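Visitor: Attaching a predicted model along with its sequence, questions to come.
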Amino acid sequence: MSTPNPVNKKAVKRGLELQWTTLRAGVANHLDPNLPVTVNGQVLKQQDLLAACDAEMVPHVTVRDTRVAYEAATRDRRAKTPASRQHFADIRSAIIGALGAENPDLENFGFKPRKPRQKATVAEKQAAVAKGKATRDAHHPKPATPKTP
């Protein structure tokens, strides 16, 4: 059984950023500082090459660092969400308790006030009775058979 790898794969240099980092290390450690190198018709020395490598790595490093920070913030938010929801529910309950569940001022806090229950009209009651009878008839199509003694 393998153990989980604690290294964040998004924080590791890969692709073009890794190539630029490796090139920079090679230029810094193994290139003679006085040796001129021609790149696209332009003669560069070690310091110029190091500056070019650094300039090319900036966007890659920025994106990687931003991604790592974003993921850390997302993990933090996910960890705090249950407590935040509970705190919001507690505050909501306290405000509704203080103002009343049917108070229209609750809309100022982003809450819908509870509407009083509407009494069903006679026509609505008759429709509900007819609907219930139709449902029972549909679900129980066979007439009850009398028991034989």
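Guide: That came in fine, so what should we check first? Residues are numbered from 1 along each chain as shown.
Visitor: Please count neighbours and contacts with C-alpha atoms only from this point.
Guide: OK.
Visitor: Quick one: the strands in this protein, in order.
Guide: 37-39, 42-44 (DSSP state E).
Visitor: Reformat those strands as JSON lines; add mean neighbour count.
Guide: Listed next are those as JSON lines, based on neighbours: other Cα atoms under 10 Å:
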{"stretch": "strand 37-39", "mean neighbour count": "11"}
{"stretch": "strand 42-44", "mean neighbour count": "12"}
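Visitor: closest one to residue 17 among those?
Guide: strand 37-39 (19.6 Å; Cα to Cα).
Visitor: Paired strands for that closest one, with orientation please.
Guide: Strand 37-39 has its sheet partners listed here by DSSP bridges as strand 42-44 (antiparallel).
Visitor: which other residues reach the strand it pairs with?
Guide: Contacts to strand 42-44, defined as Cα atoms under 8 Å, 6 or more residues apart in numbering, come from residues 36, 37, 38.
Visitor: how about the residues you listed in JSON lines, adding pLDDT and distance to residue 80?
Guide: Listed next are these as JSON lines, based on pLDDT from 0 to 100; distance: Cα to Cα, whole Å:
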{"residue": "36", "pLDDT": "91", "distance to residue 80": "56"}
{"residue": "37", "pLDDT": "91", "distance to residue 80": "54"}
{"residue": "38", "pLDDT": "89", "distance to residue 80": "55"}
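Visitor: Show me what the lengthiest helix in the chain is packed against.
Guide: Secondary structure of the chain per DSSP state H: the longest helix is helix 46-99. Packed against helix 46-99 by the contact rule (3 or more Cα pairs under 8 Å, 6 or more residues apart in numbering; DSSP states H and E) you find helix 15-30.
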